[in-house]
Each structure stands twice: as structure tokens, then as C-alpha cells.
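*Asks:* pasting the sequence and the predicted coordinates here, then a few questions.
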Amino acid sequence: MYKIVLPLTLGLLLIGGCGDDKPRYTDAQLALMPQPQRENLPIASGGLVLAVNGETITADEIVNPMIDHFREYAQSTEAEEFRAHVRPQVDKALVSKISNILLYQQAKNNAGDKIEDALEKAADSEVAKFIVSFNGNYAKAEEALKEMGMDWTSFKDYQKKMILSQSYLHEKLPDEKPITYNEVLVCYNDMKDKSFTSPAKLKFRLIDLEISSVELTDPNQNRQEYVKKLAVELIRQLNEGSDFGELAKKYSKDHRASAGGLWDSVDPESLAKPYDVLGTEADKIEPGQLAVPIEAQGHIFIMKLDEKKPKSVEPLEKVQKQIEAKITFDRRKKAIDEFGLKLAERAAVAEKDAFIDFCTDKLYKMANE
């Protein structure tokens with residue numbers, strides 16, 4: 001069993017710049033810095049940095065990744081409410097940074113100087129396995145990462161952390177217990193609608209006769225009756241072989257008229273009024289057929305169905321490996337996060353709160369710029 005020794009040197013450093021190009025550090029501040037940190041110091045910027053065992057965490061490292069996420073909220077919220085809501089998330093981001101530093105230091109110290117190349121190869125292997133778990137579908141694997149709040153870089157970095165943790169702290173991670181069918185089923189049902197369901201798709205051509213905008217040849221005509229007769233006439237022409245696209249360009253008033261009235265890869269459930277009726281009408285006909293004139297909310301539609309694909313759900317058997325990979329990933333991630341939190345708690349310093357407050361205020365200011 002490995003013994004964990006944490007010879008930590010933590011300090012909160014106030015760096016001030018008052019119009020002088022040279023950074024200014026007091027003797028007290030320099031005394032707090034571990035010796036290796038006294039070279040290549042960050043440029044003074046009027047901000048705070050947290051020194052963690054010879055490495056520094058800058059406010060920008062915490063704040064910058066969060067700006068876009070909180071920009072809209074910051075711009076619509078008073079500062080005090082913003083601080084109260086966002087501070088716990090800033091704290092969480094800082095704890096993650098601290099635990100990452102300490103975990104890597106402990107693991108690398110144990111593994112030796114030549115661990116990086118082996119770690120890089122092992123992480124690449126884990127990335128490849130993750131893609132294979134999605135039947136080699138890179139796009140689906142990437143989408144799953146986004147749902148986990150990661151991209152490929154952060155996923156690979158996390159794999160490195162996990163690999164080091166698993167080898168160095170094997171007894172700290174849960175045993176690789178078999179994944180039960182019930183676990184798989186629960187996870188499948190949780191993910192099914194979002195990850196394993198393909199919506200219905202329609203491809204059709206449409207002539208949209210907007211009753212209020214059709215020009216009358218006789219101002220005394222009843223506009224609605226005239227448009228109904230026009231629809232019947234257009235259907236007659238189509239049945240006799242007229243080109244649907246040309247008629248759509250001439251008569252249709254919808255935004256796809258210039259494309260010959262072509263609507264492609266349409267999810268019927270996403271259609272807004274008054275076009276929502278088209279999905280129902282498409283269910284009544286087969287590809288190649290014309291729908292009878294469809295009247296809805298001041299429009300008369302003529303629709304020719306080209307293709308329709310029903311809504312489908314991938315069966316559990318097809319995606320079971322993908323689900324098991326996610327369960328394994330979640331188990332390990334939880335264990336590593338918990339261990340990292342313990343490391344960060346052991347490294348806690350009173351000044352951490354001041355650093356968090358500074359980062360929260362800086363985030364609010366930058367999001368409002």
C-alpha cells in the first residue's frame with residue numbers, strides 16, 4: 001500500500017501593478033513562494049494567484065472558461081445575487097484545479113521521470129476504445145463527450161489522470177464489479193430519448209397558398225373560394241404532369257418557394273403553426289402521392305410527399321457496450337473526483353476564500369464588459 005505524503009506549500013499572493021512595467025512583490029510574498037516558483041513569475045496584473053506546492057493557479061485560469069457560460073446571467077443580474085449563485089461553482093472549479101495539481105504530482109513522483117510517454121500512449125488507447133464503444137462513430141462519441149461536459153482534449157487529460165490514479169492508488173478506486181443488467185437497463189432508459197432515438201423525417205414539396213396574399217383577377221370575388229379553386233386547378237395540372245417546383249416558384253408564398261417548395265429532412269414534431277398539420281397529412285399518404293388540399297389558419301397547402309422515415313429507437317442490445325462504457329466511466333470519474341476532493345481538502349488554506357471571492361467578482365466584471 002502506498003502512503004500519501006503531501007508536503008504542501010500553499011500561499012495566496014497579491015500581485016500589484018501601478019503603472020510600472022516591472023512586477024512588484026513584497027519580501028513577505030516572496031517568502032511564501034517555493035524556491036522553484038521565483039523564476040518565470042507571472043506578470044503582475046493587479047490580480048491574485050494561488051500557489052500550490054510549487055505551481056500557481058491564476059484567476060484567469062478559473063475565470064476565462066466560465067465567462068461565456070455566465071455572460072447572459074451576469075448581464076441580467078445584480079452583483080450580489082450573481083456572487084451568491086456563482087461562487088459555489090467557482091469554488092468547485094478551484095478545488096478541481098488544486099486536486100489535479102496534487103494528484104499529478106503524487107502520481108508522477110511515484111512513477112518516475114519517464115512516465116509521460118507511456119501515459120500519452122495509454123490515454124490514446126483509452127480514447128480509441130471510447131470511440132469503438134460507439135461502433136466507431138466519431139460524431140456520436142464526440143456528442144456523448146459534450147453531454148459529459150468534455151471535449152477530446154479534456155477527455156484525454158482526464159484519462160491520464162484516471163490511469164495514474166488507478167495505478168498509483170489502486171486500492172482507493174472501487175473494485176471493477178460486474179455491471180448488472182438492471183444498471184444497464186436504468187441507464188438505457190435515462191439516455192434513450194436523448195441519445196438513442198432518431199426522430200421521424202419527412203421530405204416533401206409544398207405549394208403554400210396564403211389566402212390573404214393571393215392576387216384576385218376580379219375584386220368582387222370571394223377570396224377564400226378563389227384560392228380553393230386555384231388549389232384544385234393546380235392539382236389538376238400536377239396530375240397531368242406539370243412540374244411541381246415551377247408551380248411552387250410561381251404560386252407559393254413560403255420561405256422555400258425559391259427552392260421549388262422543397263422541404264428536406266424535416267422532423268414533423270418541429271413544425272410550427274400553421275405547418276404542423278403537414279405531419280398529420282403525411283401519415284395519410286405514401287411517397288409519390290399528392291395530399292388533398294390542406295386548409296389551415298389562412299393557408300391552403302398542396303403537398304407532394306417524396307420520403308418519410310418513421311421515428312426509431314435503437315434497441316438495448318445494439319447499444320449495450322456503449323452504455324457499459326458510460327457506466328464504467330462514471331464509476332471511475334466519481335471515485336477519482338472524490339479522491340481529488342480529499343486531496344484538496346487536506347491542502348485547504350484560509351486564504352482560499354479570498355481567492356474565490358476575487359475570481360467571482362472578476363467573472364462578473366468581465367462578463368459585463
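*Replies:* Perfect, thanks for sending it. Residues are numbered from 1 along each chain as shown.

*Asks:* and the residue nearest to residue 289 when sequence neighbours are not counted, how close does it get to residue 331?
*Replies:* Excluding the flanking residues, the one nearest residue 289 by C-beta to C-beta, 6 or more residues apart in numbering is residue 305, at 5.9 Å. The C-beta positions use only the backbone N, C-alpha and C, and glycine is treated the same way. In this view, residue 305 and residue 331 are 48 Å apart by C-beta to C-beta, to the nearest Å.

*Asks:* neighbour count winner among the two?
*Replies:* With other C-beta atoms under 10 Å as the criterion, residue 305 and residue 331 differ in neighbour count, and residue 305 comes out ahead with 21 against 16.

*Asks:* check contacts around the more buried one.
*Replies:* Residues counted as contacts of residue 305 (C-beta atoms under 8 Å, 6 or more residues apart in numbering) are 202, 203, 204, 282, 285, 286, 287, 288, 289, 291.

*Asks:* ok, now residue 316?
*Replies:* 184, 185, 188, 323.

*Asks:* looking at those, which are in strands?
*Replies:* The members of those all map outside strands under DSSP state E.

*Asks:* show me what contacts residue 142?
*Replies:* Contacts of residue 142 (C-beta under 8 Å, 6+ apart): 151, 152.

*Asks:* could you export the host helix or strand of it as CSV, CA atoms only?
*Replies:* Counting by DSSP states H and E, the element that carries residue 142 is helix 138-147. Backbone C-alpha positions of helix 138-147 (Å, rounded to 0.1, in the frame of the first residue of the first chain) are rendered in CSV as follows:
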residue,chain,number,x,y,z
TYR,A,138,-16.7,9.6,-34.0
ALA,A,139,-19.5,12.1,-34.2
LYS,A,140,-21.6,10.2,-31.7
ALA,A,141,-18.7,9.7,-29.4
GLU,A,142,-18.0,13.4,-29.5
GLU,A,143,-21.6,14.2,-28.8
ALA,A,144,-21.5,11.9,-25.8
LEU,A,145,-18.4,13.8,-24.5
LYS,A,146,-20.3,17.1,-24.8
GLU,A,147,-23.0,15.7,-22.7
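
*Asks:* so which elements touch the helix or strand just after it?
*Replies:* Once helix 138-147 ends, the next helix or strand along the chain (criterion: DSSP H and E) is helix 152-168. Where contact means 3 or more C-beta pairs under 8 Å, 6 or more residues apart in numbering; DSSP states H and E, helix 152-168 is packed against helix 79-111, helix 115-132, helix 138-147, helix 316-346.

*Asks:* relative to helix 316-346, how tilted is the shortest one?
*Replies:* Going by axes from the mean of the first three to the mean of the last three C-alpha atoms, to 10 degrees, helix 138-147 is angled at 40 degrees with respect to helix 316-346.

*Asks:* hmm, back to that, so the residue nearest to residue 289 is in which element?
*Replies:* Going by DSSP H and E, residue 305 is part of strand 299-309.

*Asks:* so for stretch 245-264, what gets flagged as buried?
*Replies:* Using 16 or more other C-beta atoms under 10 Å as the test for burial, stretch 245-264 gives 245, 247, 248, 251, 252, 254, 257, 260, 261, 262, 263.
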